[in-house]
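Chemist: Need a 3D model of the following:
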Amino acid sequence: MTEEIAEQLKKNREYMGQLLERNIIGSILYNMYRLVDTVATESIEEIERLQAVNNHLNGIVLSCTADNERFRRSLADGMRQPAPVSNQAKFIDLELALLRMWSDAGIKEIYKYKNRIKIYKREGLGRFELFYDLSQAMFTDVEDTANGDDLYAEEYKVSVDMLIKNRISSDPTVEDGGESDAG
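Modeler: As a prediction, this is how the structure comes out:
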């Protein structure tokens with residue numbers, strides 16, 4: 001068996017010698033080198049192009065992140081600021097319209113929790129959210145039960161009809177014609 005392997009190696013060596021004499025191996029190696037060089041060069045150029053695109057996109061992401069943070073801060077600052085006094089008259093009109101609508105729907109009492117106006121029903125019953133005051137400037141006469149540890153809806157519920165009467169008496173421009181008689 002070793003003689004067969006030795007014979008095969010000898011034939012291969014002779015064949016390689018013939019290829020070298022004819023300079024075929026040299027041209028094969030040269031063509032392979034050129035192919036590898038071309039592929040490597042194109043790959044490096046593509047990697048550099050993609051890195052430039054990546055850097056550009058990273059710049060956009062950073063800019064958007066900074067804009068997002070500025071927007072978040074301005075929104076948070078705006079949420080902390082009470083509405084200007086000039087908007088209070090508009091809010092009273094809106095409050096009165098909401099209160100009349102709730103009264104017409106049979107809602108008797110409400111309370112406020114985290115700037116959300118909710119229907120008050122006796123303890124243990126579901127409580128439905130009616131309105132979420134993003135301005136933090138509406139229904140200022142309703143105590144927000146989230147402002148203290150010992151503030152409970154049971155103690156700070158307010159009559160819808162009483163709130164309507166308060167708004168009508170505090171604003172002489174409001175007409176009494178739409179007041180509900182529920183109660």
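Chemist: could you say what helices and strands the helix or strand hosting Arg13 packs with?
Modeler: Taking DSSP states H and E as the definition, one finds Arg13 inside helix 2-22. Here helix 2-22 touches helix 24-80, going by 3 or more C-beta pairs under 8 Å, 6 or more residues apart in numbering; DSSP states H and E. C-beta here means a position set from N, CA and C on the backbone, and glycine is covered the same way.
Chemist: Centre of the chain to the helix it packs on, how far?
Modeler: Centre-to-centre, helix 24-80 and its host chain are 27 Å apart (C-alpha atoms, centre = their mean, to the nearest Å).
Chemist: Distance of the spatially closest residue to Asp133 that is not a sequence neighbour relative to Ser74?
Modeler: Using C-beta to C-beta, 6 or more residues apart in numbering and skipping the chain neighbours, the partner closest in space to Asp133 is Asn115 (4.5 Å). Distance, Asn115 to Ser74, using C-beta to C-beta, to the nearest Å: 19 Å.
Chemist: Between the two, point out the one with more neighbours.
Modeler: Taking other C-beta atoms under 10 Å, Asn115 and Ser74 do not tie; Asn115 has more neighbours (17 against 10).
Chemist: wait, doesn't that one sit right on Asp144?
Modeler: Yes: contact criterion C-beta atoms under 8 Å: Asn115 and Asp144 qualify, at 6.6 Å.
Chemist: For Leu163, which non-adjacent residue is spatially closest?
Modeler: That would be Leu99: by C-beta to C-beta, 6+ apart, it lies 5.3 Å from Leu163.
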